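Colleague: Dropping a prediction and its sequence here:
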Amino acid sequence: MKIKPLFDRVVIKPIENESETKGGILLPMAAQEKSQLATVVAVGEGVNFDGEKIGMKVAVGDKVLYGKFAGTEVAVDEQKFVVIAQTDILAVIE
């Protein structure tokens, strides 16, 4: 199955946090913070606002930083994705 976002939505795949510290201590899932880094998997075509086309500022393959509580988590073919509005993306990591 393939996800195609509409309007100004972006599908991202979160990058998992390390489950082990640099010193070799394993962290339980409860102690790990939710990742805010992700890779862009798909982008919508943009949105028209007051007759003006607003294009997308991110592209497939970009690494982005997004808000901790932003977006909707979905599972497709046993993989976890987040569908998020472009305005909830805080930065592109270069």
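Modeller: That came through, no problem.
Colleague: which SS class is the spatially most central residue of the chain?
Modeller: The centre of the chain sits closest to residue 12, judged by CA atoms, centre = their mean, with a distance of 3.3 Å. What DSSP: H, G, I helix; E, B strand; the rest coil gives for residue 12 is strand.
Colleague: Quick check: it touching residue 43?
Modeller: No: look at residue 12 against residue 43 with CB atoms under 8 Å: they stay out of range, at 9.6 Å. The C-beta positions use only the backbone N, C-alpha and C, and glycine is treated the same way.
Colleague: For the protein, give me the ranges with low pLDDT.
Modeller: 1, 17-34 (pLDDT under 70).
Colleague: Residue 90 and residue 57 touch, don't they?
Modeller: No: the criterion here is CB under 8 Å, and residue 90 misses it with residue 57 at 11.7 Å.
Colleague: the more surrounded of those two?
Modeller: In this view residue 90 and residue 57 are compared by other CB atoms under 10 Å, and residue 57 has more residues nearby, 15 against 12.
Colleague: Point me to the helix or strand that includes the closest residue to residue 91 other than its chain neighbours.
Modeller: Closest residue in space to residue 91, ignoring its immediate chain neighbours: residue 65 at 4.6 Å, by CB to CB, 6 or more residues apart in numbering. Per DSSP states H and E, residue 65 falls inside strand 63-66.
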